[in-house]
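Student: need a structure here:
(one chain, ligands or ions: 1)
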Amino acid sequence: MPEHLDRRDFLAAGAIAGASLAFPATVLGAPSVRRSCAARPVVIASANGNASRNADGKSCVQLAYERMVGGTDVLDALIAGVNIVELDPADSSVGYGGLPNADGVVQLDSCCMHGPRKRAGGVAALEGVRTPSLVARAVLENTDHHLLVGAGAQQFARQLGFTIEPDLNTAQSRALWLEWKRRLDPGHWLDPKQRTAEAQRVGLEMVRAGLIQRDHYYGTINCDGINAGGEICGVTTTSGLAWKIPGRVGDSPILGAGLYVDNDIGAAGSTGRGEANLYGLCSFLIVECLRQGMSPRDAALEACRRIRKATIEKRLLNARGLPNFGIHFYVLNARGEHAGVGMYPGASYAVCDERGPRLEPCTALLEGTPED
Ligand code: ASP
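Tutor: Residues are numbered from 1 along each chain as shown. You can find the predicted model right below:
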């Protein structure tokens, strides 16, 4: 059994066992990696990284930190952490139970990046596999490519022994999709422009009605870690935007947008409105700002500033002329310093270091809320 899956996780995550057994990293021969200077080990994640629990009661950041300081490869440790969230039916923004697309089909995106090995892998619009982060990792390990999408990604997963399930909806995600359909009134034909606006309005109305958590309408987990040897890795995994047009891919699986790692500099990842992030490739931008000497907080604030400046369409602006959506970045540098930063206040991010797992407040660029 590969070192990065203990027996309990192995049994719990039957869907992922085949692929992990088929191509353990050790068999494929990890290339020698450059070790950088000693750092303070830490794992950070979006807030859901300290919410879902495995059978031992451990959260994503807690398990990932424990494994990482225990000597497990940093990326393997982070992926074991996000698997907890992917497999949690109650997290409707990631993996199994993630909110489906407009056709009621759950399509998942993920990418991962190994800083020391300077390699990455990703999947997008993948159906039928609860743990897209493990398929992303398999792309990194077994191919010369970075990103596999749709039916090709599923076929790749099947070939590597992942269990393909016919439907990743839970009773809850299906019920919410039916509610969305009902509110949208599919018999009411609108021109495509109005229809998109209407679909967005209905989705946000369901958020305001408390049917969907705000951070699950958009919603994702990004998790990044650095060990004592200065090895930095990251992973992002998501079911994407709720009720998206089938085939829509956001920022999460795109290198430089939903995730970027440079082992000498740091890591950045995102959650929130992927379309806004894609225009600025903000995870790459943040790592470049770190390279220029900015702190994790200032680097991420710069990304939020760029997004604010690039947001000029009326449909994306609130009454104050500011972005009417949320977006968050999670950043750590090569010294183990970190920050969570968002467009608006109120959010937190998950951290685990020698002080244990906890939530810390995110810094915000703007005041107020996206709505007003
Ligand atoms: N960023 C993800 C996407 O746009 C969703 C999210 O994080 O809310 O697909």
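
Student: which residue packs closest to whichever residue of the stretch 251-372 of the chain sits closest to the ligand, ignoring adjacent ones?
Tutor: The ligand sits closest to residue 274 of the stretch 251-372 of the chain, with a gap of 2.2 Å, by CB to the nearest ligand atom. Every residue, glycine included, has its C-beta placed from N, CA and C. Leaving aside its chain neighbours, residue 274 sits nearest to residue 250 (2.6 Å; criterion: CB to CB, 6 or more residues apart in numbering).

Student: picking that back up, surely the residue of the stretch 251-372 of the chain closest to the ligand is in contact with residue 240?
Tutor: Yes - Residue 274 sits in contact with residue 240 when judged by CB atoms under 8 Å, with a separation of 7.2 Å.

Student: More neighbours: which of these two?
Tutor: Neighbours were counted for residue 274 and for residue 240 using other CB atoms under 10 Å; residue 240 has more, 28 against 25.

Student: what's the neighbour count on the nearest residue to the more buried one once chain neighbours are set aside?
Tutor: Distance criterion CB to CB, 6+ apart; nearest residue to residue 240, sequence neighbours excluded, is residue 250 at 5.1 Å. By the criterion of other CB under 10 Å, residue 250 has 25 neighbours.

Student: list the contacts for residue 250?
Tutor: The contact partners of residue 250, by CB atoms under 8 Å, 6 or more residues apart in numbering, come to 109, 238, 240-241, 244, 258, 274-275, 277-278.

Student: returning to that earlier point: so the residue nearest to residue 274, which of the three states?
Tutor: In three-state terms, and counting by DSSP: H, G, I helix; E, B strand; the rest coil, residue 250 is coil.

Student: mind checking how far it is from residue 222?
Tutor: Taking CB to CB, to the nearest Å as the measure, residue 250 falls 12 Å from residue 222.

Student: Identify the contacts common to the two.
Tutor: Listed as contacting both residue 250 and residue 222 by CB under 8 Å, 6+ apart are residue 258.

Student: Kindly state the pLDDT recorded for residue 22?
Tutor: pLDDT for residue 22: 37.

Student: How about residue 336?
Tutor: pLDDT at residue 336 comes out at 97.

Student: That one touches residue 226, doesn't it?
Tutor: Yes - applying CB under 8 Å as the test, residue 336 and residue 226 come out as touching, 5.3 Å apart.

Student: Mind checking which of the two has more residues around it?
Tutor: Remark: of residue 336 and residue 226, residue 226 carries more neighbours, 32 against 20, as counted by other CB under 10 Å.

Student: joint contacts of residue 336 and residue 226?
Tutor: When contacts are counted by CB under 8 Å, 6+ apart, residue 336 and residue 226 have 39-42 as shared neighbours.

Student: Of these - the most surrounded one?
Tutor: When the shared contacts of residue 336 and residue 226 are compared by neighbour count (other CB under 10 Å), residue 42 ends up highest, at 23 neighbours.

Student: State the phi and psi torsions of that one.
Tutor: phi -160, psi 150 (degrees, to the nearest 10).

Student: got a list of what it touches?
Tutor: The contact partners of residue 42, taken as CB under 8 Å, 6+ apart, are 65, 225-226, 332, 336, 338, 351-353.

Student: Out of the residues you listed, list just those in strands.
Tutor: 225-226, 332, 338, 351-353 (DSSP state E).

Student: so where's this structure uncertain?
Tutor: The model of the chain has pLDDT under 70 over residues 1-37, 185-197, 212-219.

Student: So which residues on it come close to the ligand?
Tutor: For the chain, the contact set with the ligand under CB under 6 Å from any ligand atom comprises 218-220, 238, 240-241, 250-252, 271-272, 274.

Student: Got a PyMOL select line for the buried ones in those residues?
Tutor: A single PyMOL command selects the buried members of these (16 or more other CB atoms under 10 Å):
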select buried, resi 218+219+220+238+240+241+250+251+252+271+272+274
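
Student: Just put the residues of the chain next to the ligand in JSON lines and tack on secondary structure.
Tutor: Output for the residues of the chain next to the ligand, formatted as JSON lines (three-state DSSP):
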{"residue": "218", "secondary structure": "coil"}
{"residue": "219", "secondary structure": "coil"}
{"residue": "220", "secondary structure": "strand"}
{"residue": "238", "secondary structure": "strand"}
{"residue": "240", "secondary structure": "coil"}
{"residue": "241", "secondary structure": "coil"}
{"residue": "250", "secondary structure": "coil"}
{"residue": "251", "secondary structure": "coil"}
{"residue": "252", "secondary structure": "coil"}
{"residue": "271", "secondary structure": "strand"}
{"residue": "272", "secondary structure": "strand"}
{"residue": "274", "secondary structure": "helix"}
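
Student: Tell me which two of the residues of the chain next to the ligand sit farthest apart.
Tutor: Across those, no pair lies farther apart than 219 and 251, at 12.6 Å, counting by CB to CB.

Student: Bridged to residue 221, which residues?
Tutor: Per DSSP bridges, the residues bridged to residue 221 are residue 237.

Student: in stretch 139-148, what counts as buried?
Tutor: If you call a residue buried by 16+ other CB under 10 Å, then stretch 139-148 has these buried ones: 139-142, 146-148.

Student: Kindly report the same for stretch 311-329.
Tutor: Buried, per 16+ other CB under 10 Å, within stretch 311-329: 311, 316, 322-329.
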